[in-house]
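*Asks:* Got a predicted model here, sequence first, then my questions.
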Amino acid sequence: MKLRFALLLLLAVTFSCKNKTKAENKVEVTKKKPNILIIFPDQLRRYSAGFWSESPYKELAQGKGDPVITPNIDKLAKNGVVFTNAISNFPLCSPYRGMMLSGRYPEQNGIWNNCKKGRDYSLKDDIDIIPDLFYKAGYNTSYFGKCHWLKTEPLFDDSGNYVGTEEAPGGHYTNIYDTYIPPGKKRHSIEYFYQALKDEHFNPRVYSNIPETIEGKQDGELHLPKMFSAKNEANQIITYLKNQNKRRDPNKPFCMIWSMNPPHNPWDDENTDMQVLHEYYDQDKYAKIDKKLVVRENADLEVANYARHYYANVTSADKYIGLVLNELEKMGELDNTIVMFSSDHGEMLGSHSNTGKNVFELESLAIPFIVHWPKGVKSGINDVLFGAPDVLPTAMGLAGLKEEIPSDIEGVNYASLLLDNKAEKVTKPEAVLIMLGNSRGVMTKRYTLCVQENKKPWNSDEGSKVEEAYYYDNLNDPYQLNKIKLQTNPEVSKFLLSSLGALLEKTNDPWFKKKRFNDLIIYPTL
């Protein structure tokens, strides 16, 4: 009898322990922090995605959406939150990265122009950026793709290997527009580092601190994978997610940033996924480059002669994004991953007879921004004026790290808008600051203001006067065909110039510090 009682007691204790273990595991899974995945292809304009040609999005677009095939971006949009008024405050590669990564405007983060040979701009080492903050919060951190936040110096040998000195065998550049980020403070707590340099989509220059990803080479040694950069990076990311080289802690959440180069120029056969071009955009689909292919009414079709190549690389980027998202889904991690999809700036594609970016028109300023997190955020649409410095605080807010957001962050935490947190109010701004090397302005939901001085955007010297000041009425003139003089509507102009003055003061902008053009700009302290 005693033996029988002892056996029953042992079974009861064992069953209780098993149930307790299951309960503890369940609590652990429930409380696991969400992963963060920030994806931003280079030079992808807001309306270059298929979903903008469908309801309810097409009714909210400023002009027509491009006829581009993007099934994976479309899926993110339809199952996530689409920001209809996201902008690049400074539509240029390095300044955007400085703001997005740091949550601070250029005067505070150090980047006022593209990092390039002969320029001193560089992201400050002594400020915490996204990887630093998530690393401190217990995340594994990784970065794949283009960096472009460090001063470009001739610290390489003639084979592109980093030697850290200008003295022989140093004295060479690996790329005049970008450079390798060495270990230490400049790498900002990125544990798993896989950097790709140069705008050659089938010949990226790769540096990594993970030898097995670069054929056994060491950190700082040049690797040439000879593969379409988006495909190469997607493969590397999937290897990381599967943890095939045991380089991350599977019990930790991850914070990953993926900055792919396509669809950035060059737009030619040698730098385009031609298989995709032939499948979707070749002459059997579009006999010529006309308004069926380049749909925006302000576009010069001759200037937009690269439309097939641009769209092909957008679709190709979408394909490789899909591979990564599918892997997350297979792993059971997609629902618990906050995916932020965006771009550093847009692409003119012939609009106003321009190519590229670095201008104040919508095609340059307007960027996509989608937040996809099935476990935490309901799908929908948000019209908040969302800028690059808002990415950092919003990501931290969504991840439950609101208290860890540094006090000097200048962006706004909009997590409560996405989480439908009625207890925590956040005010939507009426205007956001936009800037170029020679211009300042604001964007509202209706207007775009530009105050431009008499200098080129890339010149470091100050201009001597205002060369042009105007605004667009984006509601009545969606393709921005008519520049409106400020004296046309003094009430609107006063609001826009007052908003500009207040934002220049708030961001400690050099124009504010010197009270530049104070006969026009309405500064709050004057």
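*Replies:* Ah, there it is.

*Asks:* C-alpha from now on. contacts and neighbour counts both.
*Replies:* Fine.

*Asks:* Counting neighbours, what do you get for Pro266?
*Replies:* For Pro266, the number of neighbouring residues by other C-alpha atoms under 10 Å comes to 16.

*Asks:* which ones are touching it?
*Replies:* 199-200 (C-alpha atoms under 8 Å, 6 or more residues apart in numbering).

*Asks:* Report the distance from stretch 330-347 to the chain centre.
*Replies:* Mean-position distance between stretch 330-347 and its chain equals 10 Å (C-alpha atoms, centre = their mean, to the nearest Å).

*Asks:* Equivalent analysis for stretch 181-195, please.
*Replies:* On C-alpha atoms, centre = their mean, the centre of stretch 181-195 falls 18 Å from that of its chain.

*Asks:* gap between the two ends of that stretch?
*Replies:* This stretch, stretch 181-195, spans 8 Å end to end (C-alpha to C-alpha, to the nearest Å).

*Asks:* Name the residues of it that come out as buried.
*Replies:* For stretch 181-195, burial by neighbour count (16 or more other C-alpha atoms under 10 Å) applies to 181-182, 186-195.

*Asks:* For that stretch, which outside residues touch it?
*Replies:* Under the contact criterion C-alpha under 8 Å, 6+ apart, stretch 181-195 has outside partners 123-126, 128-129, 131-132, 135, 140-147, 150, 180, 206-210, 220, 247.

*Asks:* What of stretch 273-282?
*Replies:* With C-alpha under 8 Å, 6+ apart, stretch 273-282 has contacts from 69, 228, 308-309, 311-313, 315-316.

*Asks:* Ala395 and Ala415 touch, don't they?
*Replies:* Yes - assessed by C-alpha atoms under 8 Å, Ala395 is found in contact with Ala415 at 7.4 Å.

*Asks:* Please identify which of these two sits among more neighbours.
*Replies:* Shown here are Ala395 and Ala415; by other C-alpha under 10 Å, Ala395 has more neighbours (25 against 22).

*Asks:* Name the helix or strand for Ser316, please.
*Replies:* helix 307-331 (DSSP states H and E).

*Asks:* Check Lys231 too.
*Replies:* Assigned by DSSP H and E, Lys231 falls in helix 229-242.

*Asks:* follow-up on the earlier one: which two of the contacts of stretch 273-282 have the greatest separation?
*Replies:* Using C-alpha to C-alpha, the contacts of stretch 273-282 span at most 18.8 Å, a distance reached by Ile69 and Phe228.

*Asks:* between those two, who's got more neighbours?
*Replies:* Using other C-alpha under 10 Å, the more surrounded residue of Ile69 and Phe228 is Ile69, with 22 against 19.

*Asks:* Specify the local secondary structure of that one.
*Replies:* coil (DSSP: H, G, I helix; E, B strand; the rest coil).

*Asks:* Surely it touches Ala317?
*Replies:* No - here Ile69 lies out of contact with Ala317, judged by C-alpha under 8 Å, at a distance of 10.6 Å.

*Asks:* residue contacts, Tyr143?
*Replies:* 190, 192-195, 256-259.

*Asks:* 7 Å instead?
*Replies:* For Tyr143, the contacting residues are 190, 192-194, 256-258, by C-alpha atoms under 7 Å, 6 or more residues apart in numbering.

*Asks:* Direction included, what does the helix or strand hosting it pair against?
*Replies:* Tyr143 belongs to strand 140-145 when assigned by DSSP H and E. Each strand that pairs with strand 140-145, with its direction, by DSSP bridges: strand 192-197 (parallel), strand 254-259 (parallel).

*Asks:* That one vs helix 229-242, what angle?
*Replies:* Between strand 140-145 and helix 229-242, the angle comes out at 170 degrees (axes from the mean of the first three to the mean of the last three C-alpha atoms, to 10 degrees).

*Asks:* Need the mean per-residue confidence for strand 140-145.
*Replies:* Per-residue pLDDT values across strand 140-145 average out to 98.

*Asks:* May I have that strand as PDB, with CA atoms only?
*Replies:* Written as PDB, here are the backbone C-alpha positions of strand 140-145 (Å, rounded to 0.1, in the frame of the first residue of the first chain):
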ATOM      1  CA  ASN A 140      21.100  40.700 -31.400                       C
ATOM      2  CA  THR A 141      22.000  43.300 -33.900                       C
ATOM      3  CA  SER A 142      22.800  43.000 -37.600                       C
ATOM      4  CA  TYR A 143      23.200  45.100 -40.700                       C
ATOM      5  CA  PHE A 144      23.200  44.100 -44.300                       C
ATOM      6  CA  GLY A 145      23.900  46.300 -47.400                       C
END
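
*Asks:* Relative to Ala234, how far out is Lys217?
*Replies:* From Lys217 to Ala234 the distance is 20 Å (C-alpha to C-alpha).

*Asks:* Pick out whichever of those two has more residues nearby.
*Replies:* Between Lys217 and Ala234, counted using other C-alpha under 10 Å, the more crowded position is Ala234 (23 against 16).

*Asks:* pretty sure that one is touching Val324, no?
*Replies:* Yes - using C-alpha atoms under 7 Å, Ala234 is in contact with Val324, at 6.2 Å.

*Asks:* What residues of stretch 104-113 count as buried?
*Replies:* If you call a residue buried by 16+ other C-alpha under 10 Å, then stretch 104-113 has these buried ones: 104-106, 108-113.

*Asks:* same question, stretch 477-496
*Replies:* Quick answer for stretch 477-496 (16+ other C-alpha under 10 Å): 478-480, 484, 486, 493-494, 496.

*Asks:* Stretch 317-334 too?
*Replies:* In stretch 317-334, counting by 16+ other C-alpha under 10 Å, buried: 317-328, 333-334.

*Asks:* And the furthest pair within those?
*Replies:* Taking every pair in the buried residues of stretch 317-334 and measuring C-alpha to C-alpha, the maximum separation is 21.4 Å, between Ala317 and Glu333.

*Asks:* where in the stretch 401-526 of the chain is pLDDT low?
*Replies:* The stretch 401-526 of the chain contains residues with pLDDT under 70 at 421-423, 526.

*Asks:* So the closest residue to Gln236 other than its chain neighbours versus Asn232, what's the distance?
*Replies:* In this structure, Gln236 finds its nearest non-sequential neighbour in Thr213, 7.4 Å apart by C-alpha to C-alpha, 6 or more residues apart in numbering. Applying C-alpha to C-alpha, the value for Thr213 to Asn232 is 10 Å.

*Asks:* swap in Met256?
*Replies:* Applying C-alpha to C-alpha, the value for Met256 to Asn232 is 16 Å.

*Asks:* ok, now Thr179?
*Replies:* Distance from Thr179 to Asn232, by C-alpha to C-alpha: 19 Å.

*Asks:* The two: which has the busier surroundings?
*Replies:* Set side by side, Thr179 and Asn232 show more neighbours around Thr179, with 30 against 17, by other C-alpha under 10 Å.

*Asks:* Chain neighbours aside, what residue packs nearest to the more buried one?
*Replies:* Spatial nearest neighbour of Thr179, chain neighbours left out: Thr152 (5.4 Å); criterion: C-alpha to C-alpha, 6+ apart.

*Asks:* Same check on Lys428?
*Replies:* Per C-alpha to C-alpha, 6+ apart, closest to Lys428 is Val384, 6.0 Å.

*Asks:* What of Asn271?
*Replies:* Distances taken as C-alpha to C-alpha, 6+ apart place His201 nearest to Asn271, at 5.1 Å, with adjacent residues excluded.

*Asks:* Pull the contacting residues for the one you found.
*Replies:* His201 makes contacts with 228-229, 262, 271, as judged by C-alpha under 7 Å, 6+ apart.

*Asks:* Top of those by number of neighbours, please.
*Replies:* Pro262 (29 neighbours).
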